[in-house]
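J.: Below is the structure, and that's it, no one-letter string:
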């Protein structure tokens, strides 16, 4: 079955960095795009970045452009989100999602807290 497992979250000071990982299984990973979302308390879930299956094409939310980088290792069935210059407003639960055979699959999420 399709599974997505996020890891790498934690507590970091403003200006710091974290790298999140999303390990996937149960589908042909290299054929699908993977999206990172985040949800802060009291707010709707929002798209952060998306990695398309073909080449290195990706898209980002305006709020993270120039600070976050999404990448993928198809040999390891893993997508990464490198987050630099973190701000308190980046605090949220981060989720990865895949749409496989028309169905949404989500990971359990990983908490990122940016605070001094």
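T.: On my side now, so go ahead. Every value quoted in this text rests on a predicted model; they were computed, and no experiment measured them.

J.: quick one: contacts for the residue nearest the centre of the chain?
T.: Nearest to the centroid of the C-alpha atoms of the chain, with distances taken as C-alpha atoms, centre = their mean, sits residue 36, at 3.1 Å. Residue 36 sits next to 20, 22, 47-50, 70, 79, 81, 94-97 when contact means C-beta atoms under 8 Å, 6 or more residues apart in numbering. Every C-beta, even on glycine, is put in place using the N, C-alpha and C of the backbone.

J.: Among the residues you listed, which ones are in strands?
T.: 20, 22, 47-50, 70, 79, 81, 94-97 (DSSP state E).

J.: Number of residues surrounding residue 109?
T.: When neighbours are defined as other C-beta atoms under 10 Å, residue 109 has 18 of them.

J.: still on that earlier bit, and the gap between the residue nearest to the centre of the chain and residue 85?
T.: If you measure residue 36 against residue 85 using C-beta to C-beta, to the nearest Å, the figure is 17 Å.

J.: likewise residue 113?
T.: 16 Å.

J.: again, but for residue 22
T.: Applying C-beta to C-beta to residue 22 and residue 85 gives a distance of 21 Å.

J.: Residue 66 too?
T.: Relative to residue 85, residue 66 is positioned 8 Å away (C-beta to C-beta).

J.: Compare those two (neighbour count), which wins?
T.: For residue 66 and residue 85, the more surrounded residue by other C-beta under 10 Å is residue 85, and the numbers stand at 13 against 9.

J.: Quick check: which element contains that one?
T.: In the assignment (DSSP states H and E), residue 85 maps to no helix and no strand.

J.: Next one: the nearest residue to it once chain neighbours are set aside from residue 48, what distance?
T.: Closest residue in space to residue 85, ignoring its immediate chain neighbours: residue 67 at 4.6 Å, by C-beta to C-beta, 6 or more residues apart in numbering. With distances taken as C-beta to C-beta, residue 67 is found 11 Å from residue 48.

J.: Those two: who's more crowded?
T.: Applying other C-beta under 10 Å to residue 67 and residue 48 shows that residue 48 carries more neighbours, namely 24 against 15.

J.: is it true that the more buried one touches residue 37?
T.: Yes - Residue 48 is within contact range of residue 37, at 6.0 Å (criterion: C-beta atoms under 8 Å).
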